[in-house]
Structures are given as C-alpha cells and as structure tokens.
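Visitor: pasting the structure only:
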C-alpha cells in the first residue's frame, strides 16, 4: 500500500498558496485492507474512505470509463493493480494531476509543474471531453488564478467548445451547475469565469440571457464602455473587488438582463428594461435552483436598481414605496445588499470605478428615518388593524418628506 497527496493540495503548495483541503490516493490496497485499518467508507460510486483520526478523504486509485451522459455517466474500476499514473490521467487539468509522497517527492507524469510555471490551464488527456462539468471547473480555475496570469490553453478551450456544442451541458443537474457557479462567483475574478464560458460557447447554453447582453449598446454618456455585456462583467469585477457576498454578486450578474430584449431600432436606449428583465431573472433563478435569498435579491435589484441611482431625485412617496418593497423594518440586511449592488452597478463603468456614490448614505438614512417612526403613539391614539397600518404609513411619509427637505438644504 502506498499513499499519495494529490490534486489541489499539491498544486497550491507549489504555487505558494495556503493549502486547505487535502485529498489522498491509496495505491495497491483493497477495500478490506482499508476497513481493517479503521477507515470508514463514504463513497457510493467508488471506494472513498475517511481517515479514522483526521477525517480526511482517502480514495483507492481508480480508472473510469464513459458509460452515459453528463457528470454522472461513468463507470469506475478500483483495484490494487491500478497505478498512480492511471489514476492521475483521469483528472481534468495537468496542474491537478500531480502527486506527492510523504517525503514531498513529486510524481508529475503529465507535466503539471511546467504548466504551473507557464501559467497554463491545460487538459490532461482527450478524456477531458467526456465530462461536461469540466467546462465550468476550468472556467472557475481561470477566475481563481487570473491574477497570477493563468490562461486556458487554446487546445483545451477547443475541447470545451466541442463539449458546449455537444448537448452534454444540458445533462448537468441544476445542483451541480449551481455548485460550480456559486463557487466561481466567489473567486477573486468572477468576471473571468463568465468570459471563459462565453469564449467556449458555454454561456449561450447555460445562461443565454447573459450571453445576449454582449454586443448590445447603451448610451455612452452614462456607460462609456457602451457594451451591456462588458458592463455586466465590470459590475461583477467590482463586486469581487469590494468583497461582496454571493447574494450581491448573483444580483450584479443578472441586474441588466432586460437590455437583451430591447429591439435594435430602440438602441442604445433601454426603456423599462428593469420590468422586462424580471421574467428572465426568474427563469435563470429557477434553472439553477439558486438559494431563496439569491433569487429574491436578484429580482429586487433588477426591478429597482435605477431607483437606487436616482435616489436623491425620488419623491418621498416613491422612496417610501421602495423601502416597503424591501421590508426594511424586518429585513434590514437585504436593503443593505441592494444598496451594495447599486453601488457596484454605478462603479462598473469604464473610467468611473472610483466615483463616489452618495446615494448609498442617502438610502441608508431614509431607511433609518422610516424605521424610527414609533408605533406606540399611534396605538395610544386608538389606531388598530388596517387603520394602524395607514396611520403608520402617513407618519413615515411625513418623516421622509422632512428628511428629503433637510438633505436638499
């Protein structure tokens, strides 16, 4: 029995990055031998075990063969005869197909270390094209390591294009897609993930609504970058630079989908794109079964982001309606995330990345004013039921009018 550290742990150590998760491969062992040493079996499809003390995953060396469609369409073979090189060749990228023994002696049969040095994301073997999930994984790695200068090898991008055109991407489940998308959006440069998907034709398969934004112009006076797709990438980039949570990044990606529906004869204006985009945002939310909080914020940002930009101009009644729509009294964090998404949208414009966004503090102040209206005096006056709600609304409106006047003076 020989045990090797494999995959990401080896890659990140060589890159000088922190190693978090460690995966191990066991060569020359049987399931019975693993159980005899106290390992606990967890793999349903192939033999994976948890170490009795550390809880880390140890997998028996295995080979795989394509047997059906999609990510799960494989049959696996694990036996003591399977070599380390045979196990490594089934992995996605050369930089993930390296192994180390306990003395840090490197086994690198597919030149992963050279590709690390050359900053190349390259597939290990033609079997790469058998697994559609690898399209998303490579795009995610591109987003993670873009700051280090990594790019996707042209021949790997071509295989990703072949996969995108094959219909295999449609076989991926919503859960598998969302797992990769959500992880990619939280990488250092999530806009690279979207760009790589577009470069290989996967974006128009997975998110045609986002792909449709590229090539659609906007008024240059407000959007010096002009292209709606380029703007979306810039907004996503800003959301990462400002370390926004997943909910905000998801909303940033989908906020302008309505612009993809504007007839060409109306370009570069996009009248009512906020309302038109809601059905598209809903479709993308449902396609990937995004978490409820991501779905809700994306829809609210899509509908109201231009309200956010025009906050200082809004009438007190419109401002109150906006606050009510977000339920700022019980859901203050959601409104804070809306403000963040609006600010990222404003900053995601060429040359305007550093411009201040006074609307943010103005909206926070308005929310605080509305929240500060006390219910008790109205109860003491005898208001109850629907009448109490109306009285509360009137008092909040009065307070917002005073706030607006004070801000203008």
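Guide: All right, it came through fine. None of these values were measured; they are calculated from a predicted model. Numbers count the residues shown, from 1 in each chain.

Visitor: please name the bridge partners of residue 62.
Guide: According to DSSP bridges, residue 78 are recorded as the beta-bridge partners of residue 62.

Visitor: hang on, it packs against residue 83?
Guide: No: between residue 62 and residue 83 there is no contact under C-beta atoms under 8 Å: 10.8 Å. Just so you know, the C-beta spots here come from the backbone N, C-alpha and C atoms, and that holds for glycine as well.

Visitor: out of those two, which sits in the more crowded spot?
Guide: residue 62 (19 against 13; other C-beta atoms under 10 Å).

Visitor: OK, contacts around the more buried one?
Guide: Contact partners of residue 62, counting by C-beta atoms under 8 Å, 6 or more residues apart in numbering, are 46-47, 76-78, 82, 87, 90.

Visitor: and the gap between it and residue 205?
Guide: From residue 62 across to residue 205, the span is 30 Å (C-beta to C-beta, to the nearest Å).

Visitor: residue 9 now?
Guide: 32 Å.

Visitor: likewise for residue 391?
Guide: From residue 391 to residue 205 the distance is 53 Å (C-beta to C-beta).

Visitor: now swap in residue 291 and tell me
Guide: In terms of C-beta to C-beta, residue 291 sits 23 Å off from residue 205.

Visitor: buried by neighbour count: which residues of stretch 138-151 qualify?
Guide: 138-146, 150-151 (16 or more other C-beta atoms under 10 Å).

Visitor: and the two most separated of those residues?
Guide: The widest separation within the buried residues of stretch 138-151, taken as C-beta to C-beta, falls between 140 and 151 and amounts to 14.3 Å.

Visitor: give the next helix or strand downstream of the lowest-mean-pLDDT helix or strand in the chain.
Guide: Here the helix or strand of the chain ranked lowest by mean pLDDT, DSSP states H and E is strand 74-78, holding a mean of 69. Elements were assigned by DSSP states H and E; along the chain past strand 74-78, the next helix or strand is helix 84-88.

Visitor: other SSEs contacting that following helix?
Guide: Counting contacts by 3 or more C-beta pairs under 8 Å, 6 or more residues apart in numbering; DSSP states H and E, helix 84-88 is packed against strand 2-6, strand 23-27, strand 62-66, strand 106-107.

Visitor: pull up the pairing partners for the last one, direction included.
Guide: Right, strand 106-107. Counting by DSSP bridges, strand 106-107 is paired with strand 99-100 (antiparallel).

Visitor: in strands, which of the buried residues of stretch 138-151 appear?
Guide: Judged by DSSP state E, strands contain the following of those: residue 151.

Visitor: export the buried residues of stretch 138-151 to TSV and tack on pLDDT?
Guide: What follows is those, written out as TSV (pLDDT from 0 to 100):
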residue	pLDDT
138	98
139	98
140	98
141	97
142	98
143	98
144	97
145	97
146	97
150	98
151	98
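
Visitor: which one of the buried residues of stretch 138-151 is nearest residue 351?
Guide: Closest to residue 351, out of all of the buried residues of stretch 138-151 and judged by C-beta to C-beta, is residue 146, at 21.6 Å.

Visitor: quick one: contacts for the closest one?
Guide: 188-189, 192.

Visitor: just the buried residues out of those, in PyMOL syntax.
Guide: To isolate the buried members of the contacts of residue 146 in PyMOL, using 16+ other C-beta under 10 Å:
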select buried, resi 189+192
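
Visitor: domains in the chain, by residue range?
Guide: 1-110, 373-408 (automatic domain parsing).

Visitor: of those domains, flag the one that's most buried.
Guide: domain 1-110 (a mean of 16; mean count of other C-beta atoms under 10 Å).

Visitor: ok now it, how far from the chain's centre?
Guide: 27 Å (C-alpha atoms, centre = their mean, to the nearest Å).

Visitor: per-residue pLDDT, the residue nearest to residue 10 when sequence neighbours are not counted?
Guide: Once flanking residues are discounted, residue 10 sits nearest to residue 98: 4.6 Å by C-beta to C-beta, 6 or more residues apart in numbering. Looking at residue 98, its pLDDT stands at 97.

Visitor: any idea how far residue 88 is from residue 98?
Guide: For residue 98 relative to residue 88 (C-beta to C-beta), the value is 7 Å.

Visitor: now do the shared contacts for these two.
Guide: Joint contacts of residue 98 and residue 88 (C-beta under 8 Å, 6+ apart) are 6, 107.

Visitor: hmm, back to that, can you name the two of the contacts of residue 62 that are farthest apart?
Guide: 47 and 90 (14.7 Å).

Visitor: where's residue 117, which helix or strand?
Guide: Per DSSP H and E: helix 112-118 holds residue 117.

Visitor: and the helix or strand just after that helix, what does it pack onto?
Guide: Counting by DSSP H and E, the element after helix 112-118 in chain order, helix or strand, is strand 120-121. Secondary-structure packing of strand 120-121 (3+ C-beta pairs under 8 Å, 6+ apart): helix 133-145, strand 151-152.

Visitor: element containing the nearest residue to residue 295 once chain neighbours are set aside?
Guide: The shortest distance from residue 295 to any non-neighbouring residue, by C-beta to C-beta, 6+ apart, is to residue 285 (4.2 Å). Take DSSP H and E as the rule and residue 285 turns out to sit in helix 278-287.
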